[in-house]
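In: Predicted model follows, preceded by the sequence.
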Amino acid sequence: MPDLAAIVIHCRDPYLLAPFWSAVTGLPVAEEDQVRLADRSLGPTEAVLLRDPSGHRPDIWISPADDLPAPGRIHLDLVGDAEERAAVLDAGATVVRELPRWTVLADPEGNEFCLLPRAEAHGDQTPPGH
C-alpha cells in the first residue's frame, strides 16, 4: 500500500491558517515559507509547507482555494490530553460541540476537526462522519 506523504488543507487565508496548524500539529513552517509569511509575500495560489524535520510525520500543505464548502474540505482527528486541548484552544480553535467521548472543534476558518482523549484514540469506536 502507498504511504501517506502529505495532507492538504484548503483555506481562504494561508497567513491565518499556517500558523494555526503549525501550532496545533507541532509541525514547523518550512524555512523558505517562514520568510514569505513574515513578508506577506505569498503568491495568490502559493501554498505553505509544514514539515516534520525528522521526516516521520506527513507534510501538511496549507493551500489557498477560492471555492470552499462549509465546514471545509478536511476533517482531521487529533489525539491529546487536557493540556494539549488547552493549547489548541489558545492557538485559536473554537469548540463546536462536546460529545461523550471527544470534542468537535473548528479552526479559525471554520474547518471542523475532532480531538479525542488518548484512551479513546485506539478504541473500536470511530467518530461519526468517517
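Out: Structure received.

In: which stretches of this structure have low pLDDT?
Out: Low-confidence segments of the chain, defined by pLDDT under 70, span residues 71-73, 120-130.

In: domains of it?
Out: By the assignment in automatic domain parsing, the chain contains the domains 6-64, 77-121.

In: where do the strands sit along this structure?
Out: With DSSP state E, the ranges of strands along the chain come out as 6-11, 48-50, 59-64, 77-79, 94-98, 103-106, 112-116.

In: Looking at the domains of the chain, spot the one closest to Ala70.
Out: Evaluated over the domains of the chain, closeness to Ala70 peaks at domain 77-121, with 6.4 Å, by CB to CB. From N, CA and C alone the C-beta is placed, and that goes for glycine too.

In: For the longest helix seen in the chain, enumerate the helices and strands it packs against.
Out: Scanning the chain for the helix with the most residues, using DSSP state H, yields helix 14-25. When contacts are defined as 3 or more CB pairs under 8 Å, 6 or more residues apart in numbering; DSSP states H and E, helix 14-25 packs onto strand 6-11, helix 31-39, strand 48-50, strand 59-64, helix 82-90.

In: what's the spacing between the residue nearest the centre of the chain and Glu112?
Out: Centroid-nearest residue in the chain, with CA atoms, centre = their mean: Trp21, separated by 4.3 Å. Trp21 sits 14 Å away from Glu112, going by CB to CB, to the nearest Å.

In: thinking again about what came up before, pretty sure the residue nearest to the centre of the chain is in contact with Asn111, am I right?
Out: No: between Trp21 and Asn111 there is no contact under CB atoms under 8 Å: 9.5 Å.

In: list the residues that contact both of the two?
Out: Counting by CB atoms under 8 Å, 6 or more residues apart in numbering, the contacts common to Trp21 and Asn111 are Ile9.
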